[in-house]
Structure formats: C-alpha cells, structure tokens
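**Q** Structure for the following, please:
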Amino acid sequence: MKPRFRLSSAVRSAAAALILAAALLGDRSGSTAQAQAPAAGPVPLATIGFLVLPGVYNSELMAPYDVLDHVRFRVKQPPRVFTVAKEKGPVKTFEGLTLIPHYSFADAPPIDLLVVPSAEHNMDTDLQDEKLLAWVRQTGAKAKLVMSLCDGAFLLAKAGLLDALDATTFPGDQDRFAQMFPKVKLKRNVIFVHDGKAVTSVGGARSYDPAMHVVEKLYGAEAMKLIGQGLVLDWKRAAVPQLLSPGARWP
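**A** Sure thing, here's the model as predicted:
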C-alpha cells in the first residue's frame, strides 16, 4: 500500500487562507466571476472610442471610461474600449496627467459609440480645427451612438451632429452654447439628455450618469448594478434629472 501524504497543520492553514482569500476577492468592478450577469442576444456595441484632445479634463474622460470599460466584467461579448487622438504621441490632460492614446485619426478602427469628453479648447480653437471637425463629423455619422461630457457638446454641435435635437452641456456654458448653436434645442436643469442617437451631459462629477444610462439600457439593470458596486456608485435612474426624448434611439 502506498503511504498517504499528509499536510502539516501549518500548510493546511495556509492553503485554507488562500482559498478563502480567492473566494472573497472579485474584480474591481464588483463581485466575483461567478456573480457575473452575461447579456444575451445580439451585441449592441462592438467598439467604444474616446476622443482625447490636449487639455482633456480628467473627470469627463475617466468617469465614463471606468463605467464603460467595466462592462467587460459583466457580459460575454463586451465592447472594446479605447482612446483616439489626432496624432500619435502623448497627450497631456488639463490637470497635468500624460496619456498615451491607443490610436490616432489615421489608424482608429470603426467606432460604434463615440465619446467626446470636454477639453480645454472645446469652445474656441477646437471649433476652428477642420481636421478635428471632419473626423468628429464622419465618425459620429457612422457611429450607432455619440456621447458628450460637458463642453464636448460644442464639438458635436459644430460638426452638425446635434441639429434639431434636444441636448445639454456644462451649466455655466449653456448661454454661450444657445447663442452659437440655435439649431440645437438646449435643455437646462438636467444632468443628461438622450435624443436621436446623441447622449449629452453636464459633465464634472456627473460624468458617470450618462455612461450608467447607456449601460443599463444596453446591458441590463443587473450589469449596471454590479458595475456600480465596483465603483461604489449607488446609481438610481429615478434620482437623476434627465430628459429622454421621444426620438431617442438605441442600436
């Protein structure tokens, strides 16, 4: 008979501790893998591209990026999330962080959801940049959805993507927006607006809201809830002032 191999009490204790730790630790987006809620049916979004301009604001970039990137923990076929800059090379945010975008305009893949976070010059020199506006116009026209945070709405409006639609932007810049873009139906006193395929928002610390709106509608309440748990964000639609226009469309 083969002799039995017996673990020492110290080894058994260490193994038990490791098993317990593995059971308790989940990914950053919420609970453990066993608790994930895969989405069924067709894939609504294959790609999500974030436009990253010099002077992009950290909050308007990273809040929706966190939410939308964490979809990969919650569905079987998540979208690929990436950043796009005008050209290759590092981009410095308004607050001083240095980013290395994944793609440039020249090599970016097709984008199903175009996200335009606000940047330092969205209300002045960015609106005179024909290369930038042409890319936003063409990419946004082909996208299934477009989203702006804060003054990113100025770029979408200048590109003609918000004409005749309800939309909003940063509260302190709403008067200027209304004067510059009379074809857009500006809405005040709301956090975000969804009309047509455009989701526009006020930005700042409320930049999580439009992303959670998209996640809930496209991937379900359970996926949204679990992502919120991972971000310690107790998001409830009813608590957020919003306007979902009758013309709001989904992929």
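**Q** Of all residues in the chain, which one is nearest the centre?
**A** P64 (3.2 Å; CA atoms, centre = their mean).
**Q** That one is in contact with V116, isn't it?
**A** No. Using CB atoms under 8 Å, P64 is not in contact with V116; the gap is 10.2 Å. From N, CA and C alone the C-beta is placed, and that goes for glycine too.
**Q** Name the residues contacting each of these two.
**A** Common neighbours of P64 and V116, counting by CB atoms under 8 Å, 6 or more residues apart in numbering, are M147, L149.
**Q** what residue ranges in the stretch 101-250 of the chain score low on pLDDT?
**A** For the stretch 101-250 of the chain, applying pLDDT under 70 flags no range at all.
**Q** ranges for the strands of it?
**A** Ranges of strands within the stretch 101-250 of the chain are 103-104, 113-116, 145-149, 166-167, 185-186, 192-195, 198-201, 242-244, based on DSSP state E, counting those that start in this stretch.
**Q** Nearest approach to K88 belongs to which of those?
**A** Distance to K88, taken as CB to CB, is lowest for strand 103-104 among the strands of the stretch 101-250 of the chain, at 5.0 Å.
**Q** Return the distance of that closest one from the chain's centre.
**A** The gap between where strand 103-104 is centred and where its chain is centred comes out at 18 Å by CA atoms, centre = their mean, to the nearest Å.
**Q** List the neighbouring strands of it plus their orientation.
**A** With DSSP bridges as the test, strand 103-104 is paired with strand 80-85 (parallel).
**Q** residues in contact with the partner strand?
**A** Against strand 80-85 from outside (CB under 8 Å, 6+ apart): 46-53, 65, 68-69, 71-72, 91, 99, 101-105, 108-109, 111.
**Q** Then stretch 59-68?
**A** 48, 50, 52, 79, 81, 93, 113, 115, 117-118, 147, 149-150, 152, 203-205, 207-208, 210-212, 214-215, 227, 231.
**Q** what about burial for these, which qualify?
**A** Buried by 16 or more other CB atoms under 10 Å: 48, 50, 52, 79, 81, 93, 113, 115, 117-118, 147, 149-150, 152, 203-204, 207-208, 210-212, 214-215, 227, 231, out of the contacts of stretch 59-68.
**Q** so L165 sits right up against D195, yeah?
**A** Yes. Here L165 lies in contact with D195, judged by CB under 8 Å, at a distance of 4.3 Å.
**Q** Find the residues that touch each one of those two.
**A** With CB under 8 Å, 6+ apart, L165 and D195 have common neighbours K185, S245, G247.
**Q** Chain neighbours aside, what residue packs nearest to D166?
**A** Leaving aside its sequence neighbours, D166 sits nearest to D195 (CB to CB, 6 or more residues apart in numbering; 4.1 Å).
**Q** What's opposite that neighbour in the beta bridge?
**A** As for beta bridges, D195 partners with A198 under DSSP bridges.
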